[in-house]
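Engineer: the sequence isn't on hand, but the structure is:
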């Protein structure tokens, strides 16, 4: 059972309490953007086998969105953090670097 | 290849079964092939088979990182149907279903295709309207389906409970020519036929990189050394994103785990396939007597071939209310497979940004039924360097152009 700690309310929530929201840190493109940018924003996904940054919502709890860093190959959770950011916190990136040397994900490594 | 026949069984019975050949040769990679197919599952093997049979391309290698048919081909619930709503889907799934009808004769391998009929239950007014619409669409597409009332559902499947605690059965979409087949036999039959045409099936050979030169594919690097090729077909389902990254592009796909389970074997009690999409569970009885049960997908990216436990609970709950007799059954096994899901729940059969590299993926939760049709269409595309009529609508560019083939209802599995 996947367990994530909600950074908003601090509750250690198991997955049936949560709802996955897909890949995090997407750059949004709207009207006026190129077809390429709009396509990538809507559809192209990293779908990484390994470290993955993703959005979650604590639906049956505080109801707030947050981000999590997780490994899709082992289900190991590296940590959760506030969604009010454009990149993962430095200490979380350091933890992942230590546990997965040579790792990279989009612009993060 | 020695043909399988009743006579062959009698002959071997008389000589202690000493005369059977291996179904396919053990092969080690050559330096170069005309076409390399990555993935020896149903879709990959069918692609190779139709490359040889329909297009005469036989200098082909099929690479498999694990064992043949050990991915989703060996993990699905073996349902075959073609009652989709959109025209391009109905065309390819119906082609596929019709190829299943003659597959055993074609491959000289008994795939145990059993056209026992498939019912998709309508349990809300919206589903009734939706399935009526699908039945009309199918009539126009030349796919034989029928909307049936609850009495007919009960007649076809006596163990069903029409008045469930949450959702009553209001009718169903019935495809009498749908059914099941032995999933492993499909992979083994294609493998045997491919090997017989001189193709190399190389197992335990993991692709670790894709080599290209000037925007054109040159070959692959594998755990058994470099292999050159003129054309490359990527047919790896759940790991499509990983291979696409090696080839330098991204896909509109996310990989999630889809679960299934089987019960202990019991006496025959159900001779149709029933899918209950509102409560989310589907079930059929295998020839061994096990009840084969399809579950749900996880709501997050996952490559671990196992799913969340609470999904099993949801699936079993749905089944107990639809088929009360299930409550007395013990479950034997549970497993997961990694399915590659696209935004519109339709597959991708496409050229890629890398010249000479083709991809077949995105079958999501319903790939088994499509194996022969998908192989047929992918082989045509690889042989001619252009998608043929079956594959044309399934190109990667449809996401850029907003030309979706929306099958989120017909896909059968809730996401």
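Structural biologist: Everything's here; your move. Since the model is a prediction, treat every value here as computed from it, not as a measurement. Numbers count the residues shown, from 1 in each chain, chains lettered A, B, ... in the order given.
Engineer: contacts for stretch B:190-205?
Structural biologist: B:1, B:23-25, B:27-30, B:33, B:40, B:42, B:45-46, B:48-49, B:52-53, B:58-69, B:107-109, B:222-224, B:375 (C-beta atoms under 8 Å, 6 or more residues apart in numbering or on different chains). Where C-beta positions appear, they are placed from N, C-alpha and C, glycine not excepted.
Engineer: at 7 Å what do you get?
Structural biologist: Stretch B:190-205 is contacted by residues B:1, B:23-25, B:27-30, B:40, B:45-46, B:48-49, B:52, B:58, B:60-65, B:67-68, B:107, B:109, B:222-224 when judged by C-beta atoms under 7 Å, 6 or more residues apart in numbering or on different chains.
Engineer: check stretch B:59-70 too.
Structural biologist: Under C-beta under 7 Å, 6+ apart, the answer for stretch B:59-70 is B:29, B:33-42, B:44-45, B:48, B:51-52, B:184, B:187-188, B:191, B:194, B:199-203, B:205-207, B:222, B:227.
Engineer: list the buried residues in that stretch.
Structural biologist: For stretch B:59-70, the neighbour count (16 or more other C-beta atoms under 10 Å in any protein chain shown) marks B:59, B:60, B:61, B:62, B:63, B:64, B:65, B:68, B:69, B:70 as buried.
Engineer: chain B contacts on chain A?
Structural biologist: A:1-2, A:15-16, A:19-20, A:35, A:39, A:43-45, A:47, A:49, A:52, A:54, A:72-73, A:75 (C-beta under 7 Å from any C-beta of the partner chain).
Engineer: please narrow those to those residing in strands.
Structural biologist: Members of these lying in strands (criterion: DSSP state E): A:19, A:20, A:52, A:54.
Engineer: show the buried residues in the residues of chain A next to chain B.
Structural biologist: A:2, A:15-16, A:20, A:39, A:43-45, A:47, A:49, A:52, A:54, A:72.
Engineer: need those in TSV (columns: pLDDT and distance to residue B:258).
Structural biologist: As requested, these are exported to TSV (pLDDT from 0 to 100; distance: C-beta to C-beta, whole Å):
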residue	pLDDT	distance to residue B:258
A:2	92	16
A:15	92	16
A:16	92	17
A:20	94	15
A:39	92	26
A:43	93	21
A:44	92	22
A:45	92	18
A:47	94	15
A:49	94	17
A:52	96	18
A:54	96	19
A:72	95	15
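Engineer: tell me which two of those sit farthest apart.
Structural biologist: A:16 and A:39 (33.5 Å; C-beta to C-beta).
Engineer: now the helix or strand bottoming out on mean pLDDT in chain A: buried residues?
Structural biologist: Ranked by mean pLDDT, DSSP states H and E, the weakest helix or strand in chain A is helix A:35-42, scoring a mean of 92. Going by neighbour count (16+ other C-beta under 10 Å), the buried part of helix A:35-42 is A:38, A:39, A:40, A:42.
Engineer: for chain B, state which of these is nearest.
Structural biologist: residue A:39 (4.5 Å; C-beta to the nearest C-beta).
Engineer: I'd say the closest one and residue B:399 touch.
Structural biologist: Yes - the criterion here is C-beta atoms under 7 Å, and residue A:39 meets it with residue B:399 at 5.9 Å.
Engineer: which ChimeraX command selects the buried ones in the contacts of stretch B:190-205?
Structural biologist: A single ChimeraX command selects the buried members of the contacts of stretch B:190-205 (16+ other C-beta under 10 Å):
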select /B:23,24,27,29,40,45,46,48,49,52,58,60,61,62,63,64,65,68,107,109,222
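Engineer: now, which of the contacts of stretch B:190-205 lie within strands?
Structural biologist: Cross-referencing the contacts of stretch B:190-205 against strands under DSSP E gives B:60, B:61, B:62, B:63, B:222.
Engineer: for the second one, give the beta-bridge partners.
Structural biologist: Put plainly, it is residue B:61. residue B:36, residue B:200 (DSSP bridges).
Engineer: state the distance from it to residue B:245.
Structural biologist: Here residue B:61 is placed at a distance of 22 Å from residue B:245 (C-beta to C-beta, to the nearest Å).
Engineer: check the last one too.
Structural biologist: In this view, residue B:222 and residue B:245 are 16 Å apart by C-beta to C-beta.
Engineer: likewise for the third one?
Structural biologist: The span separating residue B:62 from residue B:245 equals 21 Å under the rule C-beta to C-beta.
Engineer: as a check, name the ranges of all strands in the stretch 101-250 of chain B.
Structural biologist: With DSSP state E, counting those that start in this stretch as the criterion, the stretch 101-250 of chain B has strands at B:118-122, B:146-148, B:171-175, B:179-180, B:200-202, B:207-213, B:216-222, B:225-234.
Engineer: for the residue lying farthest from the centre of chain A, helix, strand, or coil?
Structural biologist: Most distant from the centre of chain A: residue A:32, at 27.1 Å, with distances by C-alpha atoms, centre = their mean. What DSSP: H, G, I helix; E, B strand; the rest coil gives for residue A:32 is coil.
Engineer: tell me where the model's unsure across chain B.
Structural biologist: Along chain B, segments meeting pLDDT under 70 span B:409-415.
Engineer: what parts of chain B come near chain A?
Structural biologist: So chain B meets chain A at B:241-242, B:250-255, B:299-304, B:308-310, B:343, B:399-400 (C-beta under 7 Å from any C-beta).
Engineer: and the buried ones among these, selectable in ChimeraX?
Structural biologist: In ChimeraX syntax, the buried subset of the residues of chain B next to chain A is picked out as below (16+ other C-beta under 10 Å):
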select /B:241,242,250,251,252,253,254,255,299,300,301,302,303,308,343,399,400
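Engineer: among the residues of chain B next to chain A, which ones are in helices?
Structural biologist: By the criterion of DSSP state H, membership of the residues of chain B next to chain A in helices covers B:241, B:242, B:309, B:310, B:399, B:400.
Engineer: from the residues you listed, pick the one nearest residue B:19.
Structural biologist: Distances from residue B:19 to those, taken by C-beta to C-beta, are shortest for residue B:242, at 42.4 Å.
Engineer: sorry, back to before: now the buried residues of helix A:35-42 in TSV, with distance to residue B:285?
Structural biologist: Formatted as TSV, the buried residues of helix A:35-42 follow (distance: C-beta to C-beta, whole Å):
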residue	distance to residue B:285
A:38	47
A:39	44
A:40	45
A:42	42
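Engineer: for chain A, what's its nearest residue on the stretch 101-250 of chain B.
Structural biologist: Nearest to chain A in the stretch 101-250 of chain B, going by C-beta to the nearest C-beta, is residue B:241, at a distance of 3.5 Å.
Engineer: which residues touch that residue?
Structural biologist: Going by C-beta under 7 Å, 6+ apart, residue B:241 touches A:47, B:251, B:253, B:255.
Engineer: with residue B:100 instead?
Structural biologist: Residue B:100 sits next to B:80, B:113, B:181, B:372 when contact means C-beta under 7 Å, 6+ apart.
Engineer: ok, then the element right after the strand or helix carrying residue A:79?
Structural biologist: Element membership for residue A:79, per DSSP states H and E: strand A:77-82. Counting by DSSP H and E, the next helix or strand C-terminal to strand A:77-82 is helix A:90-99.
Engineer: could you give the angle of that following helix to strand A:77-82?
Structural biologist: Following axes from the mean of the first three to the mean of the last three C-alpha atoms, to 10 degrees, one obtains 170 degrees for the angle between helix A:90-99 and strand A:77-82.
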